[in-house]
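1. curious how this folds, go ahead:
(chains A and B)
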Amino acid sequence: MTINWNEIETKWQNKWAESKDFETNPNEKPKKFITVAYPYPNSPQHIGHGRTYTLADVHARFYRMQGYNVLFPMGFHYTGTPVLGMAKRIEKGEKEILDGLRNIYHVPEEDIKTFVEPIKIADYFHEEIKSGMIEMGYSIDWRREFTTIVPGYQKFIEWQITTLKENGRIIQGSHPVGWCPKDQNPVSQHDTMGDVEPKIDEKNFLIKFKLGEFIFPVTTLRPETIFGITNLWVNPNTIYKKVTVDNETWIISEQCAHKIEFFEKHVKVIGDIPSSEIIGQYVINHDGREIPVLPADFVEPGMGTGLVMSVPAHAPKDYQALMDLKAGNHELASKIEPIPIIVTEGYDEYPAKQICEKLRVSNQTDEKLEEATKELYLKEFTDGKLNEKCGEFNNENVQFGRDKIRAWLQENNTLEKFPVLENSPVHCRCGAECVVKILNNQWFLNYGDEEWKELARNCFNEMNILPSNLRTEFKKVIEWLHERACARQQGLGTKLPWDKDWIVESLSDSVIYTAYYTISRFVNDGTVTPENLTREFFDYILLDKGDVKLAASTSKLSKDIINTMKKEFQYFYPVDSRHSGRDLVQNHLSFFVLNHVAIFEKKLWPQEIVVNGSVMMDGAKMSKSMGNIIPLRTAIKDHGADPIRLAIISSAELLQDADFNMESVYGIQNKLESLLEECSRLKNEPISELQAEDRWILSKLQSMIGTVTESLEKMRLREGLHEILFSFESDLSWYNKRVEAKGRKDVSGILYKINSARVAMLSPFAPHISEEMWEKLGEDDQVSKSAWPVHSKDEIDAATAIQSESLLKNTIDDIANILKVTKIDPKKIVIYVNSNSMKSKVYRKILGIMVVGGQNNMGVVMKELIADPETIEAKKMPDYIQKVIKDLHSESEEIKNMKLESDLFDEKEFLSSELASIGKKEFGVDVTVYSESDSDIYDPKGKARHARPFKPAILIE
RNA sequence: GCGGGAGUCGCCCAGCCUGGUCAAAGGCGUAGGGCUUAGGACCCUAUAUCUCAGGAUUUCGUGGGUUCGAAUCCCACCUCCCGCACCA
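-> From the prediction side, this is the model:
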């Protein structure tokens, strides 16, 4: 049978839609609110996106079957800049992006034409993604859908950002960004040639030296080295500029003058000054020392200010430049000696000298100096200690002392930040070279605030985090998080209500929007309009602040409507589970928590976060350049939604990267097909009296229900699915073996019972085909509306059923093993079971010692046996004891416990009735069972005495 | 540098949280067999080493430790991967 997946899927999707199964309103049942981070629609979703949504959908469906009223909504995040960049590139007709749209995403030509308008791009992919979600069978309440640029949402964001500001969470300050001087815009990765992220090094500083009315600024990564400064370096072949900077006059290179224009300073070049006029002058150090200015060829005018400070004891370049001058008998230089200020294990007093000599550096243009510098800087940073030359910073480790010295210099006005592009040159797509710009008046969320962090930590401590080992990571993120810009000057989004030049930044407008899902359906159906959504309205509904009268008068809504909406919010909130990808841990998910604790009271804080890894294609990362992106909708058409859902889930546990490959899809298709076939065959016939193997398989079913339920509760979906589809299969095949051996025809009812439980448990994973199976089984209604199977210990004596069946299995295995080793062609098989009461007594005693006492040491066991008069005879059978310990050692804990709890059962009776049929089938000969003490025993080789409880002796002839 | 994660029997990969059912699941590959006109698909068996009575030995990156018992817990080391911000 070949399944037409799409046909089945459409059939059930229509039924779900018709019966409005997933449209959720408050009712008397307990609720679960499951959310996923909404998508940014600038491309169709691929299989990787499908993973997060699929996991959330399984979660939602699982809870629904467990009797919860589940809300699972979806929105679309239009806020941000990527579509702006895309539109520009499309307008210019860039081949790369157009090819991508045509060949990978198969966007119709007439739609591409509209893409010069950013919103059209978002609209197109919005619909594309939504269709994919429907085709995947996600159980979403679409009545609540919104995009982040609709007026209602913008009202909500205005309220959110105003509330944050009034709570003191937003501050203003300056911040460096990558900047295109031509476009007058900040640049991000999407805006640069080759998609390079402009990396800003904020650990670079500018230190000022004085000479009369002039300031000589130098840049450095190591402010602590001012204590070891001996001189400044300038390039001897450069004409420097006199520049007024705010109310000071600086001597800097021309290139530097251009850079600092973007630092929010008043910069004006007022004249030239050739290096010859500077060399030989003395500048004043922070401590009043006079420092000579000397020439050095290695100084590049384009780096920093074009002036460099010299620390020859610790900087290999400075050391070498000084040596070069000395070699030329430079008069001033000859008087200069390095000043060591850092002590580092493995280096002597003058580390720069040592490393230059070690690497045999020849002069200051030697390439080996880069290597030397890198090595020494790192070593001194991690292991170095400042010495007594550093005054109050004596004995500090370099890595901590540096920050203190920096702060100290800053206080004395001799140090400023001088951020630079670490990976320069970076070019904007317009062709201009990017610079660092310091934006003043930037708005920040003050995530550095300790009190705020503490609230977030509380929230993380109390919430459920899956997988749980992410908790430490979240705490670390909170630790290093500091002020974060929450507004930007371009892109789609909502304007800052108090400063209309700025737009709320996209990550900051997506932190508490889950609350808006409880409101959006009223906006969507016209019950309220965006104009109704006033501050007082939100305050009353979301914060329980003010009163209904005030909310009603400002919003012009009736009290009834307001109270209905408030009830809805209070019913669904807090979020019970937030699903998201691994990449959002350090930003979105952390901000999600931070903003919730900043705005809402504790009972509305999120309850759970579930994080999943990404999806690989045949072991490789998916990327456009690799051409291995499969759009989700294409995959659905080709292979069916359910096989894709299962392939994604079954290939990895939560946090692992899932590997998606066609083989697993085909494997799953086959599996589902055969299950469907089986379901159409099975009849719900009455179950006749249960035989041993029936009791066994039904107990196994019960324990499977238990483990699957537990797996799903912990979101270990792979484990759960594996249990349903594969692990349980081996039990079933043993059962079938047994049934066939006995030639039974009366098991349809039992298999029916088993499969209806399996199908029910499968349905959250593969909802469409499960409905189909359910229908084939002849069940009423839909499986999505059925109850999750309950793990019950019902009437079956599981302990006896399971241990007797395991005895049978072990015996068969043993026989097979002997046959394999001996290569005998069996004519006759004889089994001897234990009937010696002393052996049994000792066996039980050992079992107790091992299970309860946790002991399996021969000596200890023997001592305990002898101590008990009942089993004192044990000392006569050490061999036996040893073997029993071994037998038990290899038994599962479950079986051991069962054995201990239940009485010994009659092995002979059980084996003689059950072993004959299966033995005959497996080995093709008759199997006879004797008890050790039987008078008519056939035991030519004296094997019978080796029989032990649960370990019969075997004779094969 | 800071932080997170991984190293398992030819390959991929499960097991680790909660130590004993672990010589270790599943898939691929390989070998043999079945079914086929043939191919494919499918099914069965085997796949660390030794062993002609159900057994033994050495294994889970390396080296230590805890324990009656370690792939699993602890410590150290080696190797590899990922993130570090104004970007969704």
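
2. and the gap between A:Val293 and A:Thr219?
-> 16 Å (Cβ to Cβ, to the nearest Å). For glycine as for every other residue, the C-beta is placed from the backbone atoms N, C-alpha and C.

3. so how far is A:Ile3 from the residue sitting nearest the centre point of chain A?
-> Most central residue of chain A, judged by C-alpha distance to the mean C-alpha position with Cα atoms, centre = their mean, is A:Arg582 at 2.4 Å. Computed as Cβ to Cβ, the A:Arg582 to A:Ile3 distance reads 33 Å.

4. what of A:Lys845?
-> The value you get for A:Lys845 to A:Ile3, if Cβ to Cβ is used, is 57 Å.

5. just A:Ser558 next, same as before
-> 52 Å.

6. the lengthiest helix in chain A packs against which elements?
-> If you go by DSSP state H, chain A has its longest helix at helix A:798-822. Of the remaining helices and strands, those touching helix A:798-822 by 3 or more Cβ pairs under 8 Å, 6 or more residues apart in numbering; DSSP states H and E are helix A:692-713, helix A:893-901, helix A:907-923, strand A:953-956.

7. could you dump those into CSV and include mean neighbour count and mean pLDDT?
-> Rendered in CSV, the data for those read as follows (neighbours: other Cβ atoms under 10 Å; pLDDT from 0 to 100):
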stretch, mean neighbour count, mean pLDDT
helix A:692-713, 20, 86
helix A:893-901, 15, 73
helix A:907-923, 18, 81
strand A:953-956, 19, 85
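
8. next, format the ones you listed as CSV and append distance to A:Thr811.
-> Compiled in CSV, the helices and strands packed on helix A:798-822 are given as follows (distance: least, Cβ to Cβ, whole Å):
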stretch, distance to A:Thr811
helix A:692-713, 14
helix A:893-901, 14
helix A:907-923, 7
strand A:953-956, 8
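
9. kindly reformat the ones you listed as JSON lines containing distance to RNA strand B.
-> Written out in JSON lines, the entries for those read as follows (distance: least, Cβ to the nearest atom of the strand, whole Å):
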{"stretch": "helix A:692-713", "distance to RNA strand B": "8"}
{"stretch": "helix A:893-901", "distance to RNA strand B": "6"}
{"stretch": "helix A:907-923", "distance to RNA strand B": "10"}
{"stretch": "strand A:953-956", "distance to RNA strand B": "4"}
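
10. quick one: contacts for A:Arg744?
-> When contacts are counted by Cβ atoms under 8 Å, 6 or more residues apart in numbering, A:Arg744 touches A:Gln691.

11. give the contact list for the residue in the stretch 151-300 of chain A that RNA strand B sits nearest to.
-> RNA strand B sits closest to A:Ser188 of the stretch 151-300 of chain A, with a gap of 3.3 Å, by Cβ to the nearest atom of the strand. For A:Ser188, the contacting residues are A:Thr81, A:Gly178, A:Glu197, A:Pro198, by Cβ under 8 Å, 6+ apart.

12. which of those residues has the most neighbours?
-> Counting neighbours by other Cβ atoms under 10 Å, A:Gly178 comes out on top of the contacts of A:Ser188 with 26 neighbours.

13. disregarding flanking residues, what is the spatial nearest neighbour of that residue?
-> Of all residues beyond its chain neighbours, the one nearest A:Gly178 is A:Pro198 (3.0 Å), with distances taken as Cβ to Cβ, 6 or more residues apart in numbering.

14. now that neighbour, what's its secondary structure?
-> Classification of A:Pro198 into helix, strand or coil gives coil, according to DSSP: H, G, I helix; E, B strand; the rest coil.

15. in the helix or strand hosting A:Leu672, what's buried?
-> Element membership for A:Leu672 (DSSP states H and E) is helix A:662-681. Neighbour counts using 16 or more other Cβ atoms under 10 Å place A:Ser664, A:Val665, A:Gly667, A:Ile668, A:Gln669, A:Lys671, A:Leu672, A:Glu673, A:Leu675, A:Leu676, A:Glu678, A:Cys679 of helix A:662-681 among the buried residues.

16. now A:Ala485. Its backbone dihedrals?
-> Main-chain dihedrals, A:Ala485, degrees, to the nearest 10: phi -60, psi 130.

17. quick one: residues contacting it.
-> Residues counted as contacts of A:Ala485 (Cβ under 8 Å, 6+ apart) are A:His175, A:Gln442, A:Trp443, A:Phe444, A:Glu505.

18. got phi/psi on whichever residue of the stretch 51-200 of chain A sits closest to RNA strand B?
-> Ranked by Cβ to the nearest atom of the strand, the top residue of the stretch 51-200 of chain A for proximity to RNA strand B is A:Gly80, at 2.6 Å. In this entry, A:Gly80 is assigned phi and psi values of phi 130, psi -170 (degrees, to the nearest 10).

19. show me where the stretch 201-350 of chain A has strands.
-> Counting by DSSP state E, counting those that start in this stretch, the stretch 201-350 of chain A forms strands over residues A:205-211, A:214-220, A:231-234, A:239-245, A:248-252, A:267-274, A:282-284, A:290-295, A:307-310, A:342-343, given from the N-terminal end onward.

20. once you drop chain neighbours, what's closest to the residue of the stretch 51-200 of chain A closest to RNA strand B?
-> In space, A:Gly80 is closest to A:Ser506, 3.9 Å off (Cβ to Cβ, 6+ apart).

21. quick check: the gap between the one you found and A:Lys823.
-> The spacing between A:Ser506 and A:Lys823, counted by Cβ to Cβ, is 72 Å.

22. between these two, which one's more packed in?
-> When A:Ser506 and A:Lys823 are compared on other Cβ under 10 Å, the one with more neighbours turns out to be A:Ser506, at 21 against 7.

23. just checking, that one touches A:Val83?
-> No - applying Cβ atoms under 8 Å, one finds A:Ser506 not in contact with A:Val83, separated by 11.1 Å.

24. now the buried members of the contacts of A:Ala485.
-> A residue is treated as buried here by neighbour count (16+ other Cβ under 10 Å); on that basis the buried members of the contacts of A:Ala485 are A:His175, A:Gln442, A:Trp443, A:Phe444, A:Glu505.

25. return the residues in contact with the fourth one.
-> This points to A:Phe444. Shown in contact with A:Phe444 (Cβ under 8 Å, 6+ apart): A:Ile170, A:Ile171, A:Gln172, A:Gly173, A:His175, A:Glu483, A:Arg484, A:Ala485, A:Cys486.

26. pull out the buried positions in the host helix or strand of it.
-> Element membership for A:Phe444 (DSSP H and E) is strand A:435-445. Within strand A:435-445, the residues that qualify as buried by neighbour count (16+ other Cβ under 10 Å) are A:Val435, A:Val436, A:Lys437, A:Ile438, A:Leu439, A:Gln442, A:Trp443, A:Phe444, A:Leu445.

27. show me what secondary structure element comes after that strand.
-> Tracing the chain C-terminally past strand A:435-445 and defining elements by DSSP H and E, one meets helix A:450-462 next.

28. and the helix or strand just after that following helix, how far out from the chain middle?
-> Counting by DSSP H and E, the element after helix A:450-462 in chain order, helix or strand, is strand A:464-466. Between the centre of strand A:464-466 and the centre of its chain there are 11 Å (Cα atoms, centre = their mean, to the nearest Å).

29. how about the residues of the stretch 651-800 of chain A near RNA strand B?
-> When proximity is defined by Cβ under 7 Å from any atom of the strand, the stretch 651-800 of chain A lies next to RNA strand B at A:Ala652, A:Glu653, A:Gln656, A:Asp659, A:Glu663, A:Gly667, A:Asn670, A:Lys714, A:Glu719, A:Phe726, A:Ser727.

30. tell me who's in contact with A:Phe298.
-> The neighbours of A:Phe298, taking Cβ under 8 Å, 6+ apart as the test, are A:Trp233, A:Lys317, A:Ala321, A:Gln364, A:Thr365, A:Leu369.

31. quick check: bridge partners of the first one?
-> So that's A:Trp233. A:Leu294, A:Val308 (DSSP bridges).
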